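A.B. asks: sequence plus predicted model, see below.
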Amino acid sequence: MQDLTWWQHAVIYEIYPRSFQDSNGDGVGDLNGILKRIDYLGQLGVDAMWISPIYPSPMADFGYDVADYCGIDPVFGTIEDFDRLVAETHRRGIKVILDFVPNHTSDQHPWFLESRSDQANPKRDWYLWRDEPNNWVSQFGGSAWEYDEKTGQYYLHSFLKQQPDLNWRNPEVKAAMFDALRFWLKRGVDGFRVDVMWLMIKDDQFRDNPPNPGYRLGQSAHNRVLPVYNSDRPEVHDLVAEMRAVVDEFPERVLIGEIYLPVPQLMTYYGVDLRGANLPFNFQLLQCAWSAIAVAEVISEYETALPQGAWPNWVLGNHDKARIATRIGIRQARVAAMLLLTLPGTITMYYGEELGMGNVPIAPDQVQDPFEKNEPGLGLGRDPERTPMPWDGSPTGGFTTGWPWLPLGDEHEIVNIEALERDDNSILRLYRHLIQLRQTHRTLVRGKLQGVGTNGNVLRYERGSEKRILVMLNMSAEPARIALGLGTVLISTHLDREGEHLNGEVELRAAEGLVVTLNS
């Protein structure tokens, strides 16, 4: 779209590489598997793929414990496989975004092996060491400090003990990590999604966090204290601006930040004069109740809070949250698809959303996620939303010729790409039509968002001013009658009303959404 950079009009597709496609029969997805399915992404119509970590790793946290920032783990392939994937993806007009994990490394990273070898080692200060721990709690439960018997001090780990936190106040750490960014940018990577961006800088006095008065039994132990001193520190914004400057050394690249914070704090990550993250991830739709009033409030709060000139973005699912079809049901998942793809700005979707995939039940002896292993029984495990992509209804879903690393679940026999391709009214077809509609009607990308409101449990809003598009989403299990002017249906979530002329009012079926062009 003219005068928009690619990432502003993009639909980004997140791939969890272990679960997308296996090419060698070991039961784990890999780069050549992604390449095998790249034409599927082209047919879907997405503009970019974001690949979760593929760096060398002991896999204590499945790649989020990085042992080398400038390589590819053998389970995923080789650097040559990566280069070939980038070339073929670009040839099809699709961009490539990598996950970057800057808060911590693996405890097997050469930097940490040096750091823990001796208190006098030059890399000692590359990590955060103390004689005594404070009360900071790991995101995965338990103390965030681990005692190292050899050197007699504690090191900080915001996640697993195998994931020691880097000291981003050290200029040598910054230089090394920025060089890692440049390594991938020179290989043609189009941008980065930065893991836990808001955690990268900690209080330099290591003060204790205050107790959380809202903590309740049954919540994660991490909620026992308020993370005042080990997250969202003021100094992080200078660091994000420096990271953005590195990315800006290369034309038309994007910096995306993972930030789980309330909207006012989230907006600060755009940075002074918008020199921070291009897109601080907007997770509001992952966390709000599924009702017209709640979603309307979320949309209005977010749009009102955007700094002047900041570009919006919307996310409906990811590798850390329950799948949308599980959260709200498969019928409403179609409504959610229309919501996502008619909101302004950049859109990110998670692999399998276009199939209506739900969470897969994971038996205790099948659990892989360390979060579930550390705090079992609290429902915190992320395995259910990370299960393999079902390409067909065969026992292993066309994902592998071996045994999949996580189960596909019984539902894959009917919820799979091969089956949905045969159904003209499938949710897969709906996603394709919505993405195509977004590409052909630029108003849905950049048109003014206005008139956000509700009629009962119907959410409605308009896009554009000269060319007006009305979106109506019935978020209830009952039909609803809505008044409107003259218009023509562009698409229904049922895929059966295109071209229908409306005059004065319209009846929405239960769990139906409509996109309508309004006559001026």
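C.D. replies: Received the coordinates, thanks.
A.B. asks: my read: residue 141 touches residue 375, true?
C.D. replies: Yes. Contact status for residue 141 versus residue 375: in contact at 4.6 Å, counting by CB atoms under 8 Å. Where C-beta positions appear, they are placed from N, C-alpha and C, glycine not excepted.
A.B. asks: what sits in contact with each of the two?
C.D. replies: 220, 221 (CB atoms under 8 Å, 6 or more residues apart in numbering).
A.B. asks: check the offset of the lengthiest strand in the chain from the chain's centre.
C.D. replies: The longest strand of the chain (DSSP state E) is strand 480-492. In this view, strand 480-492 has its centroid 32 Å away from the chain centroid, taken as CA atoms, centre = their mean, to the nearest Å.
A.B. asks: show the average pLDDT along it.
C.D. replies: Averaged across strand 480-492, the pLDDT comes to 95.
A.B. asks: for it, packing partners?
C.D. replies: In terms of contacts (3 or more CB pairs under 8 Å, 6 or more residues apart in numbering; DSSP states H and E), strand 480-492 is packed against helix 427-440, strand 458-463, strand 469-474, strand 501-508, strand 513-518.
A.B. asks: give me that answer again for 6 Å
C.D. replies: strand 501-508, strand 513-518 (3 or more CB pairs under 6 Å, 6 or more residues apart in numbering; DSSP states H and E).
A.B. asks: most packed of the ones you listed?
C.D. replies: Across the helices and strands packed on strand 480-492, the average number of neighbours (mean count of other CB atoms under 10 Å) peaks for strand 513-518, which reaches a mean of 23.
A.B. asks: distance from that strand to the middle of the chain?
C.D. replies: Distance of strand 513-518 from its chain centroid, counting by CA atoms, centre = their mean, is 28 Å.
A.B. asks: the bottom helix or strand of this protein by mean pLDDT?
C.D. replies: One helix or strand of the chain scores below all others by mean pLDDT, DSSP states H and E: helix 370-374, with a mean of 89.
A.B. asks: C-alpha coordinates for stretch 160-175, PDB please?
C.D. replies: Extracted in PDB, the C-alpha atoms of stretch 160-175 (Å, rounded to 0.1, in the frame of the first residue of the first chain):
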ATOM      1  CA  LEU A 160      14.500 -21.000  35.000                       C
ATOM      2  CA  LYS A 161      17.700 -21.300  36.900                       C
ATOM      3  CA  GLN A 162      19.200 -22.400  33.500                       C
ATOM      4  CA  GLN A 163      18.400 -18.900  32.200                       C
ATOM      5  CA  PRO A 164      20.700 -16.400  33.900                       C
ATOM      6  CA  ASP A 165      19.800 -12.800  33.300                       C
ATOM      7  CA  LEU A 166      22.300 -10.600  31.400                       C
ATOM      8  CA  ASN A 167      23.500  -7.300  32.800                       C
ATOM      9  CA  TRP A 168      22.300  -4.800  30.300                       C
ATOM     10  CA  ARG A 169      24.000  -1.900  32.200                       C
ATOM     11  CA  ASN A 170      27.300  -3.400  31.000                       C
ATOM     12  CA  PRO A 171      28.400  -1.700  27.700                       C
ATOM     13  CA  GLU A 172      30.200  -4.900  26.600                       C
ATOM     14  CA  VAL A 173      26.900  -6.800  26.800                       C
ATOM     15  CA  LYS A 174      25.100  -4.200  24.700                       C
ATOM     16  CA  ALA A 175      27.800  -4.300  22.100                       C
END
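A.B. asks: okay, buried residues for it please.
C.D. replies: Under the neighbour-count criterion of 16 or more other CB atoms under 10 Å, stretch 160-175 has 160, 161, 162, 163, 164, 165, 166, 167, 168, 170, 173, 174 buried.
A.B. asks: any chance of the residues you listed in a markdown table, plus distance to residue 426?
C.D. replies: What follows is the buried residues of stretch 160-175, written out as a markdown table (distance: CB to CB, whole Å):
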| residue | distance to residue 426 |
| --- | --- |
| 160 | 39 |
| 161 | 45 |
| 162 | 42 |
| 163 | 40 |
| 164 | 46 |
| 165 | 45 |
| 166 | 45 |
| 167 | 50 |
| 168 | 46 |
| 170 | 52 |
| 173 | 48 |
| 174 | 48 |
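A.B. asks: out of the residues you listed, which comes closest to residue 280?
C.D. replies: Of all these, residue 168 has the smallest distance to residue 280: 17.9 Å, by CB to CB.
A.B. asks: pull the number of nearby residues for residue 125.
C.D. replies: When neighbours are defined as other CB atoms under 10 Å, residue 125 has 14 of them.
A.B. asks: surely it and residue 172 touch.
C.D. replies: No. Using CB atoms under 6 Å, residue 125 is not in contact with residue 172, being 8.2 Å away.
A.B. asks: report the buried residues of the longest strand of the chain.
C.D. replies: Within strand 480-492, the residues scored as buried using 16+ other CB under 10 Å are 480, 482, 484, 487, 489, 490, 491, 492.
A.B. asks: who's in contact with that strand?
C.D. replies: Applying CB atoms under 6 Å, 6 or more residues apart in numbering, the contact partners of strand 480-492 are 433, 437, 455-456, 458, 472, 474, 497-498, 500-503, 505-508, 514-519.
A.B. asks: the inter-axis angle of that strand versus strand 513-518?
C.D. replies: Counting by axes from the mean of the first three to the mean of the last three CA atoms, to 10 degrees, strand 480-492 points 80 degrees away from the direction of strand 513-518.
A.B. asks: which neighbours does strand 480-492 have in its sheet, and in what orientation?
C.D. replies: Sheet pairing of strand 480-492 (DSSP bridges) gives strand 501-508 (antiparallel), strand 513-518 (antiparallel).
A.B. asks: which residue packs closest to the residue most central in space within the chain, ignoring adjacent ones?
C.D. replies: Nearest to the mean C-alpha position of the chain, counting by CA atoms, centre = their mean, stands residue 318 at 4.3 Å. What sits nearest to residue 318 in space, not counting adjacent residues and going by CB to CB, 6 or more residues apart in numbering, is residue 350, at 5.3 Å.
A.B. asks: who's in contact with that neighbour?
C.D. replies: Going by CB under 6 Å, 6+ apart, residue 350 touches 14, 317, 318.
A.B. asks: residue 368 contacts residue 383, correct?
C.D. replies: Yes. Counting by CB under 6 Å, residue 368 does reach residue 383; the two are 5.4 Å apart.
A.B. asks: okay, these two: which has more neighbours?
C.D. replies: For the pair residue 368 and residue 383, the greater number of neighbours falls to residue 383 (20 against 16), based on other CB under 10 Å.
A.B. asks: who's in contact with the lengthiest helix in the chain?
C.D. replies: Longest helix in the chain, counting residues (DSSP state H): helix 171-186. Helix 171-186 is touched from outside by 69, 70, 98, 102, 126, 166, 167, 246, 250, with contacts defined as CB under 6 Å, 6+ apart.
A.B. asks: redo that, cut-off 7 Å
C.D. replies: With contacts defined as CB atoms under 7 Å, 6 or more residues apart in numbering, helix 171-186 is touched by 69-70, 98, 100, 102, 126, 166-168, 192, 242, 246-247, 250, 253.
A.B. asks: now, of these, which are buried?
C.D. replies: Neighbour-count burial (16+ other CB under 10 Å) is assigned, among those, to 69, 98, 100, 102, 126, 166-168, 192, 246-247, 250, 253.
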